[in-house]
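Q: please find the sequence and the predicted model below.
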Amino acid sequence: MVDAVNPDNVWPPFGAFSMAVIQGDGQIVHLKGQVSLDKNGDIVGSNDMHVQVRTVLENIRDVLTSMGGDMRDVVSLVHYATDIEKFMGAGDIRKEFFVAPYPVTTTVQVEQLYHPDLLIEITAIAEIPRDRFRRPLGSRLGPL
C-alpha cells in the first residue's frame, strides 16, 4: 500500500501529485519535487537562486519533519536547475542542511520550470528509521 502525505505546513498540491509518498511500513519516503513556494503557494525569491535553494531545502525538511524524519535521512536528490552555474554557486546553502555522509545527487539543467520565476526544483528520497517514523497527524493524508 502507498499513502500520500501533504503536510498542512507546506503549500498544498495544485495538481495530480503529493508532497511525499510513504511506501510499505513507512521507512522509504519519496518526496515530490519541491520548488520555492511558501505555505500559501506563492513564489519566494523570484529569480534569486540562493533564496530559492534555501526555500526548497526548507520545504523538504518540513515534509520530512512531519513524519519524524530529518535531512540526515535523505539518501538521494535530483536537482533540476535552469542555470547550473548559478545552482553550483549556491552550494554553501546545501552545507547548512546536509552533513556527511551526503546524499547521492544528480543535477540537470532544464530550459524552464512550470513558472518562469522558478530556478530550481529538487526531489528527494529518504529512509526514516522505524523508531522515529510516524504517519503525520493533521495532514491531508490518503491513499493514492
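A: Yes, it's here.

Q: name the SS class of the residue nearest to residue 107 when sequence neighbours are not counted, please.
A: Nearest non-adjacent residue to residue 107, counting by C-beta to C-beta, 6 or more residues apart in numbering: residue 79, 4.2 Å away. To be clear about C-beta, it is placed using only N, CA and C from the backbone, and glycine gets the same treatment. Secondary structure, DSSP: H, G, I helix; E, B strand; the rest coil: residue 79 is strand.

Q: test my guess that residue 28 contacts residue 130.
A: No - if you go by C-beta atoms under 8 Å, residue 28 and residue 130 don't touch, sitting 11.1 Å apart.

Q: who's more crowded, those two?
A: residue 28 (15 against 10; other C-beta atoms under 10 Å).

Q: who are the contact partners of that one?
A: Contacts for residue 28 (C-beta atoms under 8 Å, 6 or more residues apart in numbering) come out as 22, 125-127.

Q: can you flag which of those belong to strands?
A: Of the contacts of residue 28, the ones assigned to strands by DSSP state E are 22, 125-127.

Q: show the buried residues in these.
A: Buried by 16 or more other C-beta atoms under 10 Å: 22, 125-126, out of the ones in strands among the contacts of residue 28.

Q: so among the residues you listed, where is pLDDT lowest?
A: Note: of those, the lowest pLDDT belongs to residue 22, at 70.

Q: that residue pairs with what?
A: Using DSSP bridges, the bridge partners assigned to residue 22 are residue 3, residue 29.

Q: report the separation between it and residue 36.
A: Note on residue 22: its distance to residue 36, by C-beta to C-beta, to the nearest Å, is 25 Å.

Q: what's next to stretch 123-131, contact-wise?
A: Contacts of stretch 123-131 (C-beta under 8 Å, 6+ apart): 25-34, 60, 64, 67-69, 73-78, 80, 103.

Q: how about the strands in the protein?
A: Going by DSSP E, the chain shows strands at 2-5, 20-23, 28-34, 74-81, 104-109, 120-127, 142-143.
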